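Colleague: Build me a model:
(3 chains)
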Amino acid sequence: MVRDPLYKFFADVQRVLARSVELRHLHLADGIRVCAIDASYSENRVRVGAVLWELPSMTALEEVRFSGTTHFPYIPGLFYLREGPFAAEAFRRLSVRPDLLLLEGHGVAHPRRAGLASIVGLVTGTPAVGIAKRLLCGTVVWGEGGRGWVELKGERVGVAYRVGTRVYYLSPGHMTDLETLLELLDLTGGRPHELVRRAHELSRS
DNA sequence: GCGACAG
DNA sequence: ATCTTGTCGC
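Modeller: Numbering: from 1, shown residues only, chains lettered A, B, ... in the order given. Alright, predicted model coming up:
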C-alpha cells in the first residue's frame, strides 16, 4: 500500500498542505469554546459526533450528530482522507464557531507533519489540536507528573500525559502550539480526552 | 532490508 | 475503529 501510486499522490498532497500549517500560540482564556469531534464506523457507514464545550466549566453548549458513507479505507498516515471530510462537515453544522477543534488523531506529530488535526484545522480555518491514544511516529521523553514531550527527529511535536495506566498524546494541528496544549490540559483538569470520549459516545448513540 | 503503523 | 468473556483491581 505504501508503494501504491495513490498513496504517494495523497502523501504528496499532505506534504504540500503541511507547508501551510501554522504553529503559533493560541491562549485559551476562560470561557473558550472547544469542539470535540469523533466518529464511529461499521463497514462504509460513518457516524459522527461533535460536542461544543465551554471551558473550564466543561459545559456542553451544543451537540451535532449525523451519518454518512466513506469511500476511503483506514491507512496509517492517511487517516485524514477517511475522517477529515466528516470532521469538516461536523464543523460546518455547528451553529456557533468554536475557538478550537479537538480531533481524534495527531496533528504535527506525523511523518509528514500534517495529520488529521492539521488538515481539518487548515480546511476550516480554525485552530486545532489532535489527541491520540497511540503514537504514529516519534518517541516520548518523560518528565515529571506523568507528563512528557513527544519528540520527532529531535524536535518537540507534542505532549504526552498519563492517566492511571493510560497514555494520551496531544499535538498541535494548526494555529496552536505546545503551550496551547498545556493550557488545554489545565482547563480540563488534565483530562482533555474526556471531551472526545463524549463525542465518541454521541457518535454511536 | 525489516519492522512499525493515528482511527 | 470494531469484533467480544471473563477477569483483574480500586
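
Colleague: Give the residue spans of chain A that score low on pLDDT.
Modeller: Chain A contains residues with pLDDT under 70 at A:1-3.

Colleague: List the pairing partners of the host helix or strand of A:Ala160 within its sheet, with orientation.
Modeller: If you go by DSSP states H and E, A:Ala160 is part of strand A:155-163. With DSSP bridges as the test, strand A:155-163 is paired with strand A:147-152 (antiparallel), strand A:166-174 (antiparallel).

Colleague: what's the closest of those strands to A:Leu55?
Modeller: Closest to A:Leu55 of the strands paired with strand A:155-163, according to Cβ to Cβ: strand A:166-174, at 14.6 Å. Placement of C-beta: from N, CA and C, glycine included.

Colleague: quick check, stretch A:46-53 touching DNA strand C?
Modeller: No: Stretch A:46-53 stays clear of DNA strand C (Cβ under 7 Å from any atom of the strand), getting no nearer than 7.5 Å.

Colleague: which residue ranges form the strands in chain A?
Modeller: A:33-42, A:45-54, A:59-69, A:100-104, A:128-132, A:139-142, A:147-152, A:155-163, A:166-174 (DSSP state E).

Colleague: Burial-wise, tell me which of those strands comes out on top.
Modeller: strand A:128-132 (a mean of 30; mean count of other Cβ atoms under 10 Å).

Colleague: which secondary structure elements does it contact?
Modeller: Judged by 3 or more Cβ pairs under 8 Å, 6 or more residues apart in numbering; DSSP states H and E, the packing partners of strand A:128-132 are strand A:100-104, helix A:116-124, strand A:166-174, helix A:178-187.

Colleague: try it again with 6 Å
Modeller: strand A:100-104, helix A:116-124, strand A:166-174 (3 or more Cβ pairs under 6 Å, 6 or more residues apart in numbering; DSSP states H and E).

Colleague: what residues does chain A put near DNA strand B?
Modeller: Applying Cβ under 7 Å from any atom of the strand, we find that chain A lies next to DNA strand B at A:2, A:38-39, A:41, A:74, A:76-80, A:104-106, A:110, A:115-117, A:130, A:132-136.

Colleague: Just the buried ones among those residues, please.
Modeller: A:38-39, A:77-80, A:104-106, A:110, A:115-117, A:130, A:132, A:135-136 (16 or more other Cβ atoms under 10 Å).

Colleague: Up against DNA strand C, what does chain A have?
Modeller: Near DNA strand C, when you scan chain A using Cβ under 7 Å from any atom of the strand, you find A:Ser40, A:Tyr41, A:Ser42, A:Tyr74, A:Glu104, A:Lys133, A:His200, A:Arg204.

Colleague: Make a markdown table from those and add distance to A:His193 to it.
Modeller: Formatted as a markdown table, the residues of chain A next to DNA strand C follow (distance: Cβ to Cβ, whole Å):
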| residue | distance to A:His193 |
| --- | --- |
| A:Ser40 | 16 |
| A:Tyr41 | 19 |
| A:Ser42 | 23 |
| A:Tyr74 | 20 |
| A:Glu104 | 9 |
| A:Lys133 | 8 |
| A:His200 | 10 |
| A:Arg204 | 17 |
